[in-house]
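Asker: One predicted model, sequence on top.
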Amino acid sequence: MLTAADSTAPGCPRRRGVAAALLRSAPMRVLGTGVGLLLLVRAVNVPEAARRLADVSPGWVAAGVGLTGVSVLLGMVSWAVLLRGPGPCPGWPSLISLYLRALFAGQLLPGGVGGDAVRVVETGRRIGSGPALAAVVGGRLAGALGIALWGAFAALVMRDRLDARLGLMPAAVAASLALLVLVLLAGLLCSDTLVRRLGAGAGPVRRLLAAARPFTGTFDGYAHHPRLLAASLGSGVASWGFNLLALSTMAHAVGISTDPEVFALVIPISLLGTLAPFSVNGLGLREGILVGLLAHDGIGTTQAASVSLLVDLQMAPFAVAGAVIWGLGRRARRAADAALSPALVPEAA
């Protein structure tokens, strides 16, 4: 005889699937974003925040944009050195143009997946999708390592300002994340040997492993070029460091003296809001988390809201540059296609 639990069990996965689909639906994402923005507006003195933004110091803003530019350049290098590697690759001007276009695409989709897709597709046409994907994954790991290491450093430096009950836990968590990134990287560097051993069988598994060989083989190549790998990791760590300096400089633009260590702790937590399925790229939720964390550090909510808006606008100049490059490239391709099309010559009578 079926029990009540047995009778409802088959329906549970379906109900969970419906709930998950509802959370990811476009109306729910728009609703979640609207609620997040509404709560943020209710907690902040919007006119005062707008006045602070209107009174920003141009010098500090220019310095912040310059530091952000250095961060973007180093982030591009951490990906490009792996992409160029020992094989043929587009030149640096082409890579810079592609990176800016990908940065623009990354602002439109959560987590930067749009930018990653653009880079993989564009470079995959020249060097293959396996090496193109490996370079993007390697660059992402370098950035994640930078976030974790700077977070651990900040937690140690600010341990007297954090809640005494936390102790060394924030530093331990950040250090554990850094170790996890290194373990994952080590696994990828050794993955080609495992794939070759497992690929000796037959059937779908063999075909799947054969398809993965260009990806794992590229990481095997990285393992034989430690200087290349060190350059990528070092650039990724340095990129996040300059980004933290840029954020601190932007905060000074609205009259808030905030150390880079504060942003090293609060920004990674606020970025988790971009992963929420019930919001559009975490808009509203991300800013609310950042405002709450900065307020916990003793910054007024209105001041924190001003900083949050500057954080959102930090990448805007470079995303706009990417959009302009994208538009000019499409116009040039249309002009080239028009020039190559045969002219319409009227037939002789």
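Answerer: Done, it's in. Numbering: from 1, shown residues only.

Asker: Give the other helices and strands that the helix or strand hosting Val121 contacts.
Answerer: Taking DSSP states H and E as the definition, Val121 sits inside helix 113-127. On a contact count with 3 or more Cβ pairs under 8 Å, 6 or more residues apart in numbering; DSSP states H and E, helix 113-127 meets helix 58-84, helix 92-106, helix 129-157. C-betas here are computed from N, CA, C, even on glycine.

Asker: how about that helix: buried residues?
Answerer: Across helix 113-127, burial judged by 16 or more other Cβ atoms under 10 Å covers Gly114, Gly115, Asp116, Val118, Arg119, Val120, Glu122, Thr123, Gly124, Ile127.

Asker: any idea which of those residues is closest to Leu95?
Answerer: Closest approach to Leu95 among the buried residues of helix 113-127 (Cβ to Cβ): Thr123, at 8.4 Å.

Asker: picking up where we left off before, of the helices and strands packed on helix 113-127, which stretch is the most buried?
Answerer: Mean neighbour counts were compared across those using mean count of other Cβ atoms under 10 Å; the top stretch is helix 129-157, at a mean of 22.

Asker: Quick check: what element follows that one along the chain?
Answerer: Once the chain leaves helix 129-157, the next helix or strand it forms, by DSSP H and E, is helix 169-198.

Asker: buried set for that next one?
Answerer: Using 16+ other Cβ under 10 Å as the test for burial, helix 169-198 gives 170-171, 174-175, 177-178, 181, 185, 188-189, 191-192, 195.

Asker: Give me the pLDDT for Arg206.
Answerer: You'll see Arg206 listed with a pLDDT of 78.

Asker: Show residues contacting the helix or strand hosting it.
Answerer: Taking DSSP H and E as the criterion, Arg206 maps to helix 204-223. Applying Cβ atoms under 8 Å, 6 or more residues apart in numbering, the contact partners of helix 204-223 are 82, 85-86, 128-131, 133-135, 138, 188-193, 195-196, 198-200, 228-229.

Asker: returning to what we had before: okay, angle between the helix holding Val121 and helix 204-223 too, please.
Answerer: If you take axes from the mean of the first three to the mean of the last three Cα atoms, to 10 degrees, helix 113-127 sits at 90 degrees to helix 204-223.

Asker: sorry, back to before: of all the helices and strands packed on helix 113-127, which lies closest to Ser239?
Answerer: Closest of these to Ser239 is helix 58-84, at 3.7 Å (criterion: Cβ to Cβ).

Asker: so what's Ser257 closest to, chain neighbours aside?
Answerer: Among residues not flanking Ser257 along the chain, Ala251 sits closest, at 7.5 Å (Cβ to Cβ, 6 or more residues apart in numbering).

Asker: And for Trp60?
Answerer: Once flanking residues are discounted, Trp60 sits nearest to Ala253: 3.7 Å by Cβ to Cβ, 6+ apart.

Asker: Tell me if I'm right that the one you found and Leu67 touch.
Answerer: No. Counting by Cβ atoms under 8 Å, Ala253 stays clear of Leu67, with 11.8 Å between them.

Asker: roughly how far apart are Val81 and Leu233?
Answerer: Distance of Val81 to Leu233, given as Cβ to Cβ, to the nearest Å: 10 Å.

Asker: Report how many residues lie close to Leu168.
Answerer: Around Leu168 there are 13 other residues, counting by other Cβ atoms under 10 Å.

Asker: For it, what are phi and psi?
Answerer: phi -90, psi 10 (degrees, to the nearest 10).

Asker: Show the pLDDT at it.
Answerer: At Leu168, the model reports a pLDDT of 78.

Asker: so who does the nearest residue to it once chain neighbours are set aside touch?
Answerer: Leaving aside its sequence neighbours, Leu168 sits nearest to Arg159 (Cβ to Cβ, 6+ apart; 6.8 Å). Going by Cβ under 8 Å, 6+ apart, Arg159 touches Gly167, Leu168, Ala171.

Asker: and the residue lying closest to the first one once chain neighbours are set aside, what pLDDT?
Answerer: Setting aside the residues directly before and after it, Gly167 is nearest to Arg159 in space (Cβ to Cβ, 6+ apart), at 7.7 Å. What the model reports for Arg159 is a pLDDT of 80.

Asker: Leu209 now?
Answerer: 80.

Asker: Ok, the one 10 residues further on next?
Answerer: As predicted, Phe219 sits at a pLDDT of 93.

Asker: what's around it, how many residues?
Answerer: 22.

Asker: picking up where we left off before, count the neighbours of the residue nearest to Trp60 for me.
Answerer: Neighbours of Ala253 (other Cβ under 10 Å): 22.

Asker: And the one 3 residues further on, by the same measure?
Answerer: The number of residues packed near Ile256 is 18, by other Cβ under 10 Å.

Asker: Same question for the one 10 residues further on.
Answerer: Counted by other Cβ under 10 Å, the residues lying close to Val266 total 25.

Asker: how near is Asp160 to Pro214?
Answerer: Counting by Cβ to Cβ, the separation of Asp160 from Pro214 is 50 Å.
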